[in-house]
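S.K.: Quick check, what structure comes out for this input:
(4 chains)
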There are 4 protein chains.
Amino acid sequence: MSKSRLEAFSDGVFAVAITLLVLDLKVPAPGGRHSLGHELAHMWPNYLALAISFITIGIIWINHHAMIARLREPDHMILTLNLLLLLSVVVLPFATSLFAEYLREGRGQSLASAVYSGAFTVMAILFYALNRHILVVKPHLLARDIPYARRRQILTRGFTGVIPYVLATALAFVSPYITLGITSALALFYALPIASGSERSEA
Amino acid sequence: MSKSRLEAFSDGVFAVAITLLVLDLKVPAPGGRHSLGHELAHMWPNYLALAISFITIGIIWINHHAMIARLREPDHMILTLNLLLLLSVVVLPFATSLFAEYLREGRGQSLASAVYSGAFTVMAILFYALNRHILVVKPHLLARDIPYARRRQILTRGFTGVIPYVLATALAFVSPYITLGITSALALFYALPIASGSERSEA
Amino acid sequence: MSKSRLEAFSDGVFAVAITLLVLDLKVPAPGGRHSLGHELAHMWPNYLALAISFITIGIIWINHHAMIARLREPDHMILTLNLLLLLSVVVLPFATSLFAEYLREGRGQSLASAVYSGAFTVMAILFYALNRHILVVKPHLLARDIPYARRRQILTRGFTGVIPYVLATALAFVSPYITLGITSALALFYALPIASGSERSEA
Amino acid sequence: MSKSRLEAFSDGVFAVAITLLVLDLKVPAPGGRHSLGHELAHMWPNYLALAISFITIGIIWINHHAMIARLREPDHMILTLNLLLLLSVVVLPFATSLFAEYLREGRGQSLASAVYSGAFTVMAILFYALNRHILVVKPHLLARDIPYARRRQILTRGFTGVIPYVLATALAFVSPYITLGITSALALFYALPIASGSERSEA
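M.R.: Prediction:
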């Protein structure tokens, strides 16, 4: 398996999953009781959830590229972990819809929010596992030698990136708006130039 | 981040978004009150909106290619702006459906049209911002030197391209058919050989 | 605009459009009046239309590749014609659904069938126009010199390929099953080794 | 037809088909009789079927890559067989939805399960046919010489891979849970490191 086809397939899945997020925006039926302006304004959780998921998948895609760029060639375990990572990406449009649909409901809002940030948590953990396999378990598969201290540093940062998603998942049961706040803040943080360069590209 | 993977991912998102436009065409249920001919004819705003959006996304894709071709390598800001640009592309199937569905309604037609050309406006502004970052803020990231006058010229043309979309958005509140007229005219203009060569490829 | 990115984008649109055909297969709701076997058997027009469209798009994709392989670099007109060709591909999932849904209806079946083969006709004409532009209007854009006689031969074959689709469209008003017969026969003919090698790759 | 564009198109179809699997996960309507937790738990066949199909398509994609890597250039028959293989991949989201929807129904569950593993069977047979054409019928199309014994070995393994899917299809009429068990076990087996290296990559 060449690296380039692994990248092409992964890029394809990322691109399709990120675009399918738009299917969550449904055109309000004309002739309803409320004005279109009211209906569109009412859909704000959908816009927000779409933006958060879009940016988060985009960041993971950037980080995925940095990870694969370090690799010389994939082994079986890398292909399998990558497949599981892509599976976690593919379910995000569903988790995003669920979150947007239930955020303001009186019932189910906590569970929906926990599923949403839970999906991000699983994605971040699989990303960490894949990175760990490449950097620590099979360093001979690296494209070029990276000092051990640097490899640990990348992994530690990756592990640190999982924590806020775990928190967002646990605190969903206090209020779904905490989940909304944490996941938005993370998307903003990673998108802003503050977290620039290598900092962000391996978070 | 290599340029080639940035292109591959962007191409993927453009290709998926442009193809998802077809989901807006719904097969009329058999056995309705009207003939199929009547029903299909009644869907003309959907065909028109599909064609306008398809060609506009296609033009932006062509321009995106010209922009990235000038680049040697992306920095963090370019990745972020590109991600936001793709986000504005991804919402177009929704904006297109909204426009087609409400064009002939007595209520909501102006807002729907403003959202439609508003989405194009946002896309054009993000495109301009990305181009500006590459050409003026970080010219050292260019693949080869471009004279300052030429860079300003490309940007001015890009800025000029935003204006008709702003107009189409504002005039939507006079009549949605003005929005339809302007956006169709722009798609036609860019597709026709009149706007050929570098003229079009940096509009 | 480099050829490779034109190919990448076109491949993306072809791949997405061909895969969206599956959305036409709807799972029958459990607990209906008929058995699942009955319901699935009843969907045979959907399977057939899916197979015909899938193979026809696949053939056009193969031919598209042969056409672009002859090209050195695209000009503005090629980009525009290619965009229109892709637009005709993108509407095929809709035309396919329409055809499958109405084939056995007492009303609208002829129009639906005419739209189906009409969509193939438009695609074939745009393919011909694009090929003609490359081979006759702008032969200096060819990757390597092709004798005039050979270029005319390719075009004549392309033109001949349009005729059966025009027939299938006209005869839809006699019976939709003629359209079904002609479009199936063409898909089979192009897929079978009879039409092998250069014969098929430029049909 | 160059190998690289064959790969790019196939990768595109694999990536879109694998991502469309998520459309089978439908957000439960808020305000229902049951709690969201209950509703989400009730959807377990959907999660399981999604995971099985995702991993199975992923494995076929990996194997597809190994197969095409051995090839120097495709002939007409390879293009046709590859198109049919992709067609069998494209219908998997439908077969997966059907299976998940009917697994626990009192009526139709056996047929739905047989269709599900039947779709995998067809995919595996087409994969075998394509591999056989490359390895035995047209070995002069191989990128480099492979000893006859090795080629037979690859094919035998491919043929062996078809058998459990045939079994899962036949035994669907005993119980759909047997189909579920066999298809899950196969996905797990191929994903686990047990079936590593060349073993798996040509299964």
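
S.K.: Now the element after the longest helix along chain A, going C-ward?
M.R.: Counting by DSSP state H, the longest helix found in chain A is helix A:44-69. Downstream of helix A:44-69, the next assigned helix or strand under DSSP states H and E is helix A:76-90.

S.K.: quick check: angle from the helix or strand that comes right after that following helix to helix A:76-90?
M.R.: Heading C-terminal from helix A:76-90, the first helix or strand you meet, by DSSP H and E, is helix A:92-102. Angle between the axes of helix A:92-102 and helix A:76-90 is 30 degrees (criterion: axes from the mean of the first three to the mean of the last three Cα atoms, to 10 degrees).

S.K.: got the buried residues for the longest helix of chain A?
M.R.: A:45-68 (16 or more other Cβ atoms under 10 Å in any protein chain shown). In this view, the C-beta of every residue, glycine as well, is placed from N, C-alpha and C.

S.K.: out of the residues you listed, which touch chain C?
M.R.: Contacts with chain C are made by none of these, judged by Cβ under 8 Å from any Cβ of the partner chain.

S.K.: follow-up on the earlier one: just checking, what packs against the longest helix of chain A?
M.R.: Judged by 3 or more Cβ pairs under 8 Å, 6 or more residues apart in numbering or on different chains; DSSP states H and E, helix A:44-69 is in contact with helix A:3-20, helix A:76-90, helix A:92-102, helix A:109-132, helix A:176-191, helix A:197-201, helix B:76-90.

S.K.: Quick one, grab the pLDDT at the closest residue to A:G108 other than its chain neighbours.
M.R.: Nearest non-adjacent residue to A:G108, counting by Cβ to Cβ, 6 or more residues apart in numbering or on different chains: D:L36, 3.1 Å away. pLDDT, the model's per-residue confidence, is 95 for D:L36.

S.K.: do A:P74 as well
M.R.: Per the predicted model, pLDDT is 90 at A:P74.

S.K.: show me what contacts it?
M.R.: A:M1, A:K3, A:L6, A:N82, A:L141 (Cβ atoms under 8 Å, 6 or more residues apart in numbering or on different chains).

S.K.: ok, and for the helix or strand hosting A:T169, which residues are buried?
M.R.: Using DSSP H and E, A:T169 maps to helix A:148-171. Of the residues in helix A:148-171, A:R151, A:I154, A:L155, A:R157, A:G158, A:G161, A:V162, A:P164, A:Y165, A:A168, A:T169, A:L171 count as buried by neighbour count, 16+ other Cβ under 10 Å.

S.K.: Distance from it to the middle of the chain?
M.R.: Helix A:148-171 has its C-alpha centroid displaced from the chain centroid by 14 Å (Cα atoms, centre = their mean, to the nearest Å).

S.K.: got the CA positions of it in CSV?
M.R.: Extracted in CSV, the C-alpha atoms of helix A:148-171 (Å, rounded to 0.1, in the frame of the first residue of the first chain):
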residue,chain,number,x,y,z
TYR,A,148,12.7,10.5,20.9
ALA,A,149,12.1,13.6,23.0
ARG,A,150,10.4,15.3,20.1
ARG,A,151,8.2,12.3,19.4
ARG,A,152,7.1,12.2,23.1
GLN,A,153,6.3,15.9,22.9
ILE,A,154,4.1,15.5,19.8
LEU,A,155,2.2,12.6,21.6
THR,A,156,1.8,14.5,24.8
ARG,A,157,0.3,17.4,22.9
GLY,A,158,-2.0,15.0,21.1
PHE,A,159,-3.1,13.5,24.4
THR,A,160,-3.7,16.9,25.9
GLY,A,161,-6.0,17.6,22.9
VAL,A,162,-8.3,14.7,24.0
ILE,A,163,-8.9,16.1,27.5
PRO,A,164,-11.2,19.1,26.6
TYR,A,165,-13.5,16.8,24.6
VAL,A,166,-13.7,14.3,27.5
LEU,A,167,-14.7,17.3,29.7
ALA,A,168,-17.2,18.5,27.2
THR,A,169,-18.8,15.0,27.1
ALA,A,170,-19.0,14.7,30.9
LEU,A,171,-20.3,18.3,31.4
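
S.K.: Packing partners of that helix?
M.R.: Helix A:148-171 is packed against helix A:109-132, helix A:176-191, with contacts defined by 3+ Cβ pairs under 8 Å, 6+ apart.

S.K.: how about the shortest one, does it reach chain D?
M.R.: Spelled out, it's helix A:176-191. No - remark: helix A:176-191 sits outside contact range of chain D, by Cβ under 8 Å from any Cβ, the gap being at least 11.9 Å.

S.K.: give me the low-pLDDT residue ranges for chain A?
M.R.: In the predicted model of chain A, residues A:1, A:193-203 satisfy pLDDT under 70.

S.K.: Spell out which parts of it neighbour chain B.
M.R.: Of all the residues in chain A, those lying near chain B are A:7-8, A:11-12, A:14-16, A:18-23, A:25, A:27, A:30-31, A:35-37, A:40, A:50-51, A:54-55, A:58, A:61-62, A:65-66, A:69, A:191-193, A:196-197, A:200-201, going by Cβ under 8 Å from any Cβ.

S.K.: which one is whichever residue of chain A sits closest to chain C nearest to, not counting chain neighbours?
M.R.: Going by Cβ to the nearest Cβ, chain C is nearest to A:V16 of chain A, at 7.6 Å. Nearest non-adjacent residue to A:V16, counting by Cβ to Cβ, 6+ apart: D:T19, 4.0 Å away.

S.K.: how near is the one you found to C:T19?
M.R.: 9 Å (Cβ to Cβ, to the nearest Å).

S.K.: can you check A:L36 too?
M.R.: 33 Å.

S.K.: For A:L85, see how far away A:R72 is.
M.R.: For A:R72, the distance to A:L85 equals 19 Å [Cβ to Cβ].

S.K.: and those two? which has more neighbours close in?
M.R.: A direct count of neighbours by other Cβ atoms under 10 Å in any protein chain shown for A:R72 and A:L85 places A:L85 higher, at 24 against 11.
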